[in-house]
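>>> test case, fold it:
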Amino acid sequence: MKTFKEKYLAGEIEFEEIDNYSQDWGFSDTTDTLREYLGLNAEEEDAWVSVGDEALKELLDQQLHN
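Numbering: from 1, shown residues only. This is a model prediction of the structure:
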């Protein structure tokens, strides 16, 4: 199964789907951390937690253009 990050970078989902993924994680019995479940690295997680959605989206969008 692809992570949120993999699907977003592949253009398969919109960024706003992160909310659904976060909610799904909360109801799942996975032992993955939320960061692992979403497919984020430590820098991306830190930006998301410390600054917010826009900071994470910006980091991910930079990867689209590389």
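>>> C-alpha from now on. contacts and neighbour counts both.
Noted.
>>> and the residue nearest to W48 when sequence neighbours are not counted, what does it touch?
Once flanking residues are discounted, W48 sits nearest to L56: 5.0 Å by C-alpha to C-alpha, 6 or more residues apart in numbering. Going by C-alpha atoms under 8 Å, 6 or more residues apart in numbering, L56 touches E44, E45, A47, W48.
>>> between those residues, which is nearest W25?
For those, the minimum distance to W25 (C-alpha to C-alpha) is 15.0 Å, reached by E45.
>>> all strands for this structure, in order.
Under the criterion DSSP state E, the chain contains no strands.
>>> let me know the outermost residue of it.
D29 (18.5 Å; C-alpha atoms, centre = their mean).
>>> how far away is it from Y37?
Using C-alpha to C-alpha, to the nearest Å, one gets 11 Å for the distance from D29 to Y37.
>>> pLDDT at E14, what is it?
As predicted, E14 sits at a pLDDT of 98.
>>> list the contacts for it?
Applying C-alpha under 8 Å, 6+ apart, the residues contacting E14 are Y8.
>>> low-confidence ranges, the protein, go.
By pLDDT under 70, the weakly predicted segments of the chain are 66.
>>> what are the ranges of the helices in it?
4-9, 18-27, 34-38, 42-50, 53-64 (DSSP state H).
>>> quick one, which of those helices is packed in tightest?
Highest mean neighbour count among these (mean count of other C-alpha atoms under 10 Å): helix 4-9, with a mean of 18.
>>> how much space separates H65 from K2?
For H65, the distance to K2 equals 20 Å [C-alpha to C-alpha].
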